[in-house]
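Colleague: what would the 3D arrangement of this be:
(chains A and B)
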Number of protein chains: 2
Amino acid sequence: MTVTAPVGFDAAGVACGLKSSGAADLALVVNRGPRRAAAAVFTSNRARANPILWSQQAIADGEVSAIVLNSGGANCFTGAEGFQTTHATAEAVADALQVSAGDVLVCSTGLIGQQLDRPKLVAGVAAAAGALSADGGADAARAIMTTDSVPKTVVVEGPDYSIGGMAKGAGMLAPGLATMLVVLTTDADLPAAELDRALRAATRVSFDRLDSDGCMSTNDQVTLMASGASGVTPDTAEFGRLLTDACLSLMSQLQADAEGASHEIVIMVSGAVTEDDAVEVARSVARNNLFKAAMFGNDPNWGRVLAAIGTTAAEFDPYAVDVSFNEVRLCHAGAPDRPRDEVDLSGRVIAVHIELHAGDEFATVYTNDLTHDYVHENSAYSS
Amino acid sequence: MTVTAPVGFDAAGVACGLKSSGAADLALVVNRGPRRAAAAVFTSNRARANPILWSQQAIADGEVSAIVLNSGGANCFTGAEGFQTTHATAEAVADALQVSAGDVLVCSTGLIGQQLDRPKLVAGVAAAAGALSADGGADAARAIMTTDSVPKTVVVEGPDYSIGGMAKGAGMLAPGLATMLVVLTTDADLPAAELDRALRAATRVSFDRLDSDGCMSTNDQVTLMASGASGVTPDTAEFGRLLTDACLSLMSQLQADAEGASHEIVIMVSGAVTEDDAVEVARSVARNNLFKAAMFGNDPNWGRVLAAIGTTAAEFDPYAVDVSFNEVRLCHAGAPDRPRDEVDLSGRVIAVHIELHAGDEFATVYTNDLTHDYVHENSAYSS
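Modeller: Numbers count the residues shown, from 1 in each chain, chains lettered A, B, ... in the order given. The predicted structure follows:
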């Protein structure tokens, strides 16, 4: 059910020929109301794809009737022609649904620097509009997949409303945001400003903390749409918690399906002076190729952890730090502690805990290992 | 001849048993004078190995009689016991050469977090002191190798003086500095302050611009020693040029021997507002795993270049940028230009040129591709 679990949403996923494989490549999610409040967060990359440029304008008034997403091409660095394609896509949705094009968000994902086939895309929108259904969430989730091996979906039930979501993303998973498209829906009745606040708080500790390969996309977009169809205006703290749960679930699904990865690595930094320091320290490890390759080799190489965090500006004494792998402390106060062979890293999930002994703040960053399959998939992607 | 090419230097390289393979693992380079001026630059990593902590003190007065270097262990994060090992090494050199321990620099390279075998090291120093010779430069260069496949050496001839050098480093090659130990010698007669100025200027555009894998070492040290044995005080501008040539040669040798690499990649950024901007832009590409994997696949994926540089704070318009591979412009003003198949990336060296069209400054950063062999070597190194 995914995005169609909350009342008031229809969705569809169709194949319009953008993918040479013939797989589904166009998804449409429509908010039937009665409310059409929405919020979105976008990639912090300065190189922004045409659909990002479009959607940032369309979301400005906090009102969204529909979102259309295509895989099979990112429509990024495609110039004026590419922007016109995005515009034409929104217009096609507007025509089919009898709404304003200015209330239609557009997302694209795939290779950068190639024009999308506009006629196929416009025809696909018409087909998707004809296939819209309150059971269409699963089809939509499949249509946005690129190198994803499985669709990613979530439903979180509140007391008298629900939140649904779908996500795609398997590579270029890095902060602000990961390379992904996410659509979240709810039948709660909340104004756009409240949705925006809740969405930013939720993404800050979920998608923004996923740093699979240090690479930031040009096309990221996380959209939250509220139909108000439940007639319930929830407590904002409760809604925020449930929305964060939904985002964390989708984030974990993205991490588990990261291209070529053989481990999901959870890097927890505690004892930091500030939360920003904790994030900076955790991210320096998440982005260190030598550390990531060691994880692939099931080698609890804590020296590489310390070498990585020594490059940060965070406030701590490198010779006071403890490092544990899967709860076995291998380094205490910057010197060897338990023997390495007490650690077993053969499981899929690896927990790295770095205690800085400098303060009381903490943060968690989620990453993956650096594997042969990662190199293979990303050396062969576009050629 | 390497470090023993300039007059006034003896060197030796011996096996003292730190490497289980029995290969040479201890090098000694001695300045016989008449001058003993020296300068050194160190890793900017806050996690600094014991030999770095020692050498920073020893170089403070600008006078150095000898430098001793061991492979087979980094002596980093080894606590007080590790520092005592470094101290004992310097004392052993001082005893053997009848100099002050405070004029002996120490360098170590190898795995972090393991104690060095102090008795073996001290015995090795005695053996090396006995083997010192004006022809010992080649032996010394071999004794500092870790995962290096070849020794790296250089000799640059001035009009009436010379500069010699040796380097080791094959992984953790990243800025400020690359993971490497470098010893440079000259028989020019220059005071320590002049050596320091020349060395900082030379490393800034050579070793500091090598960013093979984004990982910064805890043990980097580049040392320049001047014997004054030529009796010549050179023009400082000329000496600076020759020293930079020597550093660039050693840097290129490090890049060409980087662990598992199949390409040397030269990233040239022009049209920047400041040199710092140019370096930041070039480095963002050099550190992007998706770009590096594409280079391994001989895929001129300019979209990944633009996605990478979009993450920087440098001053430029992402939609004004040109990107060329091996002098074929694939992206002009942020849109597709020449067809990708006009580019042949099958050669070992790849030149990427990014024209920002924002100013007149430029910089070059040197990197390598991300390969299966890199993952293999670094997942198996310590286990």
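
Colleague: got the contact list for A:Glu361?
Modeller: A:270-275, A:277-278 (Cβ atoms under 8 Å, 6 or more residues apart in numbering or on different chains). For every residue, glycine as well, the C-beta is placed using N, CA and C.

Colleague: that's a helix at A:Ala307, yeah?
Modeller: Yes: counting by DSSP: H, G, I helix; E, B strand; the rest coil, one finds A:Ala307 located in a helix.

Colleague: list the contacts of it.
Modeller: Neighbours of A:Ala307 in contact, by Cβ under 8 Å, 6+ apart: A:288, A:290, B:45, B:47, B:76, B:112, B:172, B:215-218.

Colleague: A:Val352 too?
Modeller: A:Val352 touches A:265-268, A:285, A:305, A:323-325, counting by Cβ under 8 Å, 6+ apart.

Colleague: now rank those by neighbours and give me the top one.
Modeller: In terms of neighbour count, A:Val305 stands highest of those at 29 neighbours, by other Cβ atoms under 10 Å in any protein chain shown.

Colleague: hmm, back to that, grab the two from the contacts of A:Ala307 that are most spread out in space.
Modeller: A:Asn288 and B:Cys76 (15.4 Å; Cβ to Cβ).

Colleague: which one of these two is surrounded by more residues?
Modeller: B:Cys76 (30 against 26).

Colleague: on that earlier part again, would you format the contacts of A:Val352 as JSON lines with distance to chain B included?
Modeller: Shown next, in JSON lines, are these (distance: Cβ to the nearest Cβ, whole Å):
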{"residue": "A:Ile265", "distance to chain B": "14"}
{"residue": "A:Val266", "distance to chain B": "19"}
{"residue": "A:Ile267", "distance to chain B": "16"}
{"residue": "A:Met268", "distance to chain B": "19"}
{"residue": "A:Val285", "distance to chain B": "11"}
{"residue": "A:Val305", "distance to chain B": "9"}
{"residue": "A:Val323", "distance to chain B": "10"}
{"residue": "A:Ser324", "distance to chain B": "14"}
{"residue": "A:Phe325", "distance to chain B": "13"}
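
Colleague: what's the pLDDT at A:His353?
Modeller: Looking at A:His353, its pLDDT stands at 97.

Colleague: ignoring the adjacent residues along the chain, who's closest to it?
Modeller: A:Ser324 (4.3 Å; Cβ to Cβ, 6 or more residues apart in numbering or on different chains).

Colleague: okay, who's weakest in the contacts of A:Ala307 by pLDDT?
Modeller: B:Met172 (52).

Colleague: surely A:Ile144 is in contact with A:Lys168?
Modeller: Yes: using Cβ atoms under 8 Å, A:Ile144 is in contact with A:Lys168, at 4.1 Å.

Colleague: which residues do those two both contact?
Modeller: Between them, A:Ile144 and A:Lys168 share the contacting residues A:71, A:109, A:181, judged by Cβ under 8 Å, 6+ apart.

Colleague: follow-up on the earlier one: and which of the contacts of A:Ala307 is nearest to A:Val122?
Modeller: Using Cβ to Cβ, the contacts of A:Ala307 come closest to A:Val122 at A:Asn288, 45.2 Å.

Colleague: so what's the closest one closest to, chain neighbours aside?
Modeller: Nearest to A:Asn288 is A:Ala308, by Cβ to Cβ, 6+ apart, at 4.0 Å.

Colleague: what's the local residue count around that neighbour?
Modeller: Neighbour tally, A:Ala308, other Cβ under 10 Å: 26.

Colleague: now do A:Arg204
Modeller: Neighbours of A:Arg204 (other Cβ under 10 Å): 16.

Colleague: got the buried residues for stretch A:349-363?
Modeller: A:350-356, A:358-359, A:361-363 (16 or more other Cβ atoms under 10 Å in any protein chain shown).

Colleague: identify the farthest-apart pair in those residues.
Modeller: Farthest pair in the buried residues of stretch A:349-363, by Cβ to Cβ: A:Ile350 and A:Gly359, 25.2 Å.

Colleague: can you flag which of the contacts of A:Glu361 belong to strands?
Modeller: A:270-272 (DSSP state E).

Colleague: need those residues in JSON lines (columns: distance to A:Tyr161, neighbour count and pLDDT).
Modeller: Putting the ones in strands among the contacts of A:Glu361 into JSON lines (distance: Cβ to Cβ, whole Å; neighbours: other Cβ atoms under 10 Å in any protein chain shown; pLDDT from 0 to 100) gives the following:
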{"residue": "A:Ser270", "distance to A:Tyr161": "35", "neighbour count": "18", "pLDDT": "96"}
{"residue": "A:Gly271", "distance to A:Tyr161": "39", "neighbour count": "20", "pLDDT": "97"}
{"residue": "A:Ala272", "distance to A:Tyr161": "36", "neighbour count": "26", "pLDDT": "97"}
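
Colleague: which of those residues lies closest to chain B?
Modeller: Of all the ones in strands among the contacts of A:Glu361, chain B sits closest to A:Ala272, with 14.9 Å by Cβ to the nearest Cβ.

Colleague: next up, the contacts around that closest one.
Modeller: A:278, A:281, A:314-316, A:356, A:358-359, A:361-363.

Colleague: apply 10 Å and report the result again.
Modeller: A:278-282, A:314-316, A:354-363 (Cβ atoms under 10 Å, 6 or more residues apart in numbering or on different chains).

Colleague: likewise for A:Val122?
Modeller: A:16, A:85, A:88-89, A:91-93, A:95-96.

Colleague: same thing but 6 Å
Modeller: A:88, A:92 (Cβ atoms under 6 Å, 6 or more residues apart in numbering or on different chains).

Colleague: so out of everything in the stretch 101-250 of chain A, what residue is nearest chain B?
Modeller: A:Ile112 (2.6 Å).

Colleague: so that residue makes contact with A:Asn75?
Modeller: No: checked against Cβ atoms under 6 Å, the pair A:Ile112 and A:Asn75 is beyond contact range at 8.8 Å.

Colleague: the two: who's more crowded?
Modeller: A:Asn75 (33 against 25).

Colleague: got a pLDDT number for the more buried one?
Modeller: A:Asn75 is given a pLDDT of 92.

Colleague: quick one, phi/psi of the residue of the stretch 151-300 of chain A with the smallest separation from chain B?
Modeller: Using Cβ to the nearest Cβ, the single residue of the stretch 151-300 of chain A nearest to chain B is A:Gly297, 3.0 Å away. A:Gly297 adopts backbone torsions of phi -90, psi 10, taken as degrees, to the nearest 10.

Colleague: any stretches of chain A with poor pLDDT?
Modeller: Along chain A, segments meeting pLDDT under 70 span A:170-179, A:381-383.

Colleague: so what are the domain limits for it?
Modeller: Annotated domains of chain A cover A:2-256, A:264-379 [automatic domain parsing].

Colleague: the shortest one: how far from the chain's middle?
Modeller: A distance of 22 Å separates the centroid of the chain from that of domain A:264-379, by Cα atoms, centre = their mean, to the nearest Å.

Colleague: secondary structure element holding A:Ala123?
Modeller: helix A:118-131 (DSSP states H and E).

Colleague: quick check: next helix or strand after that helix?
Modeller: Counting by DSSP H and E, what follows helix A:118-131 is helix A:137-143.

Colleague: find the nearest non-adjacent residue to A:Pro318, please.
Modeller: That would be B:Ala47: by Cβ to Cβ, 6+ apart, it lies 4.3 Å from A:Pro318.

Colleague: give me the spatial nearest neighbour of A:Thr223, chain neighbours excluded.
Modeller: A:Thr223 sits nearest to A:Ala40 (Cβ to Cβ, 6+ apart), 4.4 Å away.

Colleague: helix or strand right after the host helix or strand of that neighbour?
Modeller: Taking DSSP H and E as the definition, A:Ala40 sits inside strand A:37-42. Scanning forward in sequence from strand A:37-42 by DSSP H and E, the next helix or strand is helix A:50-58.

Colleague: what sits up against that following helix?
Modeller: A:42, A:75, A:82-83, A:86, A:102, A:105-108.

Colleague: now with 7 Å?
Modeller: A:40, A:42-43, A:64, A:75-76, A:78, A:82-83, A:86-87, A:90, A:102-108, A:219, A:221 (Cβ atoms under 7 Å, 6 or more residues apart in numbering or on different chains).
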